[in-house]
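Undergrad: model the structure of this input:
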Amino acid sequence: MGNGARRPILVFLILVMILGFTVYFKLWFMDYHVSYNDAELLRKQFDLANREAMDESAEWRLKFDTEKERAGRCMLELSKIKRSSESKAAGTQNIQSRLQMLQKENVDLLERLETLKQELDSEKLKCGNLQ
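TA: Below is the predicted model:
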């Protein structure tokens, strides 16, 4: 009875172990398959994210280049305006000094005119006395 009763239990245990190994290997294979698909999905997502980042980087680079070119044009225009205003300032200063010189000359000429008028009047008086 001892050996006969043990045999069905042993067969039952072996069947349960085989079933357990089968379920374990099935789960392991499914997990491996899912892991492989996950890795493939992650790789695709990474590639997509990488392409998007490259596109965004190119977009920002284009914006940077555009703004750099625009800033260069503004700096060039600003330097032209500065040069123009400096030459105008120098011209204005030159005009101011010339105006002062002409005003002095005008004052001198007015004084000379006044002395000439006085000489003319004195000559007229002399001529008027001689007649």
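Undergrad: ranges for the helices of the protein?
TA: Listed from the start of the chain, the chain has helices (DSSP state H) covering 2-130.
Undergrad: pLDDT weak spots in it?
TA: Scanning the chain with the threshold set as pLDDT under 70 gives 1-4, 31-36, 130-131.
Undergrad: please redo it, this time with the cut-off set to 50
TA: Low-confidence segments of the chain (pLDDT under 50): 1.
Undergrad: could you measure from Glu52 over to Asp38?
TA: In this structure, Glu52 and Asp38 are separated by 21 Å, where distance is defined by Cβ to Cβ, to the nearest Å. (C-beta placed from N, C-alpha, C; glycine too.)
Undergrad: same check on Met30?
TA: When distances are taken as Cβ to Cβ, Met30 and Asp38 turn out to be 12 Å apart.
Undergrad: one more: Gln118?
TA: Summarising the geometry, the distance separating Gln118 from Asp38, computed by Cβ to Cβ, is 117 Å.
Undergrad: from Phe12, how far out is Arg6?
TA: As it turns out, when the distance is counted by Cβ to Cβ, Arg6 lies 10 Å from Phe12.
Undergrad: let me redo that: Glu119
TA: Going from Glu119 to Phe12 by Cβ to Cβ gives 155 Å.
Undergrad: for Lys124, same thing?
TA: Look at Lys124 and Phe12: by Cβ to Cβ, they are 161 Å apart.
Undergrad: likewise for Tyr24?
TA: If you go by Cβ to Cβ, the gap between Tyr24 and Phe12 works out to 18 Å.
Undergrad: likewise for Phe25?
TA: Computed with Cβ to Cβ, the distance linking Phe25 and Phe12 is 21 Å.
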